[in-house]
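Participant: Fold the stuff below for me.
(one chain, ligands or ions: 2)
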Amino acid sequence: MKTVLIKDLKDYEGKDVQLRGWVYNTRKVGKIWFVILRDGTGLLQGVVVKGESSDESFDLKQKLNQEDSIIINGCVKKEDRSVGGYELSVKDIQVVQHVSDEFPISPKEHGTDFLMSNRHLWLRSKRQNAIMRIRHQTARAIRDFFDMNSFTLIDSPIFTGNAVEGTTTLFEVDYFERSAYLTQSGQLYQEAGATAFGRTYCFGPTFRAEKSKTRRHLTEFWMAEPEMAYVELEENMVWAENLICYVIDHILKICDDELNTLDRDTVLLKAVKPPFPKITYDEAVEIIENSGKKFNYGTDFGAPDETLISQNFEKPIMIHNWPSDIKAFYMKRNKNNNDLALGFDMIAPEGYGEIIGGGQREDDLDILIDRIRHHDLPLEPFKWYLDLRKYGSVPHSGFGLGLERTVAWICGTRHIRETIPFPRTMSRLEP
Ligand code: ATP
Ligand code: MN
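Facilitator: Residues are numbered from 1 along each chain as shown. Ligands and ions are numbered 1, 2, ... in the order given. This next block holds a predicted model:
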């Protein structure tokens, strides 16, 4: 008998098939009983009727527990009232393992801390399944977008030798007789990549010893970082916008069921089409002040500020031309105003905050050396980086897209800890 996945049942109507999975639930109605099977790809209701199922199988009535692993054989029937639109007339159930302890996560309400401590089991739930599938499809769309647009994947290292932007948010590790740091961003290496390949990206975990315990910060998160030679701020923002549109479009096409499971209202996701509003830092400050809130000009926007700004727009917005004092040393300055840096942030709608940070990089050797000195950073570790400005330096730009924040926005989850399989925060290292 053919073993099939629940998600593929529509191709097997009227056929006998085998399904392998776990008991999600059971219920008894008069003389028949139902088993809801979960196989990771969906849920299926199996109908067990005396005489149609083997006697041993029928006698399992009220003996199956949540998460018992079972293999079922039966015939696929169309049934609109059933989960997934199909149902199985069960012929035989084979119990692979009977669970004798009660599964810790029952359909009743549990606190998030309890669920997080049982993350390895919580991942089996319907909601977590939907979020992880959307995460998978988001990552896939990000890769597809770059691959289709002639970007070469250049993996940045995770161990780095130098603390390039200060050590406050770096994780230091023993590295033989010296210290190494876990990467905070693969950008500098992508700059080397872009001069070698034109367009490159990396997509992997990054680490920040964030002491803040906000719902938007993890200590380990995934970032997609493209870098492009011969690209300036304007075009950089268009790449970011196109990437986001591609991702959202893909999710809306592929993840209908998952978005439904999450009860996600997709009206605003459907409105994600280019062009996105692009405003300067000054204009963003004006929006905040016009709303009656005081703002300290020259500082970064906090989460409430971002929410305030984004409330004025339905689509993601981009804020560009930032005070250079709060931006990294490598950011290029506006040629008409040296106090402004050619950076941009993309803020997701609906209060989900910054999902992308990026900008145009300084490409002039002398200016960059000046900046490094001005930031009190040692020159030696940047020798290789400065080489990129010595040999065929060109205008170039890039950005970093945070995967978890993007998934949180798409799924409509307030806290990003549910958007990564095993979240790492200040207080959580297990499971
Ligand atoms: P924030 O100001 O919100 O802390 P940032 O400006 O430090 O973020 P960038 O250095 O610009 O972040 O990183 C690029 C992207 O990586 C951000 O736009 C965000 O999507 C994501 N990101 C940054 N820090 C974290 C974190 N601690 N946890 C999850 N995602 C993060
Ligand atoms: Mn940023």
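Participant: Break down the stretch 1-150 of the chain into its helices, ranges please.
Facilitator: Ranges of helices within the stretch 1-150 of the chain are 55-58, 112-117, 119-122, 126-148, based on DSSP state H, counting those that start in this stretch.
Participant: send the alpha carbons of the longest one over as CSV?
Facilitator: The reference is to helix 126-148. In CSV, the C-alpha atoms belonging to helix 126-148 read as follows (Å, rounded to 0.1, in the frame of the first residue of the first chain):
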residue,chain,number,x,y,z
LYS,A,126,-1.0,23.6,14.8
ARG,A,127,-0.1,27.2,15.4
GLN,A,128,3.6,26.5,15.7
ASN,A,129,3.5,24.3,12.6
ALA,A,130,2.0,27.2,10.7
ILE,A,131,4.6,29.7,11.8
MET,A,132,7.5,27.4,11.0
ARG,A,133,6.1,26.7,7.6
ILE,A,134,5.8,30.4,6.9
ARG,A,135,9.4,30.8,8.2
HIS,A,136,10.5,28.1,5.8
GLN,A,137,8.7,29.7,2.9
THR,A,138,10.0,33.2,3.8
ALA,A,139,13.6,31.9,3.8
ARG,A,140,13.0,30.1,0.5
ALA,A,141,11.5,33.2,-1.1
ILE,A,142,14.5,35.3,0.1
ARG,A,143,17.0,32.8,-1.5
ASP,A,144,14.9,32.6,-4.6
PHE,A,145,14.8,36.3,-5.0
PHE,A,146,18.6,36.7,-4.8
ASP,A,147,19.3,33.6,-6.9
MET,A,148,17.0,34.8,-9.7
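Participant: How about it and ligand 1, any contact?
Facilitator: No - using C-beta under 6 Å from any ligand atom, helix 126-148 stays clear of ligand 1, with a minimum separation of 12.4 Å. From N, CA and C alone the C-beta is placed, and that goes for glycine too.
Participant: Can you pull out the residues in contact with that helix?
Facilitator: 40, 43, 122-123, 153, 199, 201, 203, 222, 224, 226, 242-243, 246-247, 250-251, 254-255, 257-259, 261-262, 401, 403-404, 406-407, 410-411, 413, 418-421 (C-beta atoms under 8 Å, 6 or more residues apart in numbering).
Participant: Out of the helices of the stretch 1-150 of the chain, which is the most enclosed?
Facilitator: helix 126-148 (a mean of 18; mean count of other C-beta atoms under 10 Å).
Participant: Could you pull up the contacting residues of Ile251?
Facilitator: With C-beta under 8 Å, 6+ apart, Ile251 has these contacts: 134, 137-138, 141, 259, 269, 410.
Participant: now do 10 Å
Facilitator: 133-134, 137-138, 140-141, 258-259, 264, 266, 269, 272, 406-407, 410-411 (C-beta atoms under 10 Å, 6 or more residues apart in numbering).
Participant: quick one on the thing from earlier: can you put the helices of the stretch 1-150 of the chain in a markdown table and add distance to Glu172 and mean pLDDT?
Facilitator: A markdown table is the format used below for these (distance: least, C-beta to C-beta, whole Å; pLDDT from 0 to 100):
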| stretch | distance to Glu172 | mean pLDDT |
| --- | --- | --- |
| helix 55-58 | 58 | 94 |
| helix 112-117 | 26 | 95 |
| helix 119-122 | 27 | 97 |
| helix 126-148 | 29 | 98 |
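Participant: With Pro323 as the reference, name the closest of those helices.
Facilitator: Minimum separation from Pro323 across the helices of the stretch 1-150 of the chain (C-beta to C-beta) falls at helix 126-148, 29.9 Å.
Participant: immediately after the closest one, which helix or strand?
Facilitator: strand 152-153 (DSSP states H and E).
Participant: For that next one, give me every contacting residue.
Facilitator: 143, 146-147, 193-194, 196-204.
Participant: For the very next helix or strand once past that strand, name the packing helices and strands.
Facilitator: Counting by DSSP H and E, the next helix or strand C-terminal to strand 152-153 is strand 159-160. If you count contacts as 3 or more C-beta pairs under 10 Å, 6 or more residues apart in numbering; DSSP states H and E, strand 159-160 packs onto strand 172-175, strand 178-182.
Participant: closest to ligand 1 among the contacts of Ile251?
Facilitator: Of all those, the one with the least separation from ligand 1 (C-beta to the nearest ligand atom) is Thr406, at 7.0 Å.
Participant: helix, strand or coil for that closest one?
Facilitator: When classified by DSSP: H, G, I helix; E, B strand; the rest coil, Thr406 comes out as helix.
Participant: List the residues that contact it.
Facilitator: Applying C-beta under 10 Å, 6+ apart to Thr406 gives the contacts 134-135, 138-139, 141-142, 222, 224, 243-244, 247-248, 251, 346, 348, 352, 355-356, 416, 419.
Participant: Mind checking which of the residues you listed are in strands?
Facilitator: 222, 224, 346, 348, 355-356 (DSSP state E).
Participant: Kindly identify which of those residues also come near ligand 1.
Facilitator: 355-356.
Participant: Adding pLDDT, write the ones in strands among the contacts of Thr406 out as TSV.
Facilitator: As requested, those are exported to TSV (pLDDT from 0 to 100):
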residue	pLDDT
Trp222	98
Ala224	98
Met346	98
Ala348	97
Ile355	98
Ile356	98
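Participant: For the ones in strands among the contacts of Thr406, give me a markdown table that also has neighbour count.
Facilitator: Formatted as a markdown table, these follow (neighbours: other C-beta atoms under 10 Å):
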| residue | neighbour count |
| --- | --- |
| Trp222 | 21 |
| Ala224 | 24 |
| Met346 | 25 |
| Ala348 | 23 |
| Ile355 | 24 |
| Ile356 | 24 |
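Participant: What separation do you get for the nearest residue to Arg20 once chain neighbours are set aside and Val285?
Facilitator: Excluding its sequence neighbours, the residue lying closest to Arg20 (C-beta to C-beta, 6 or more residues apart in numbering) is Ile71, at 4.9 Å. Using C-beta to C-beta, to the nearest Å, Ile71 is found at 62 Å from Val285.
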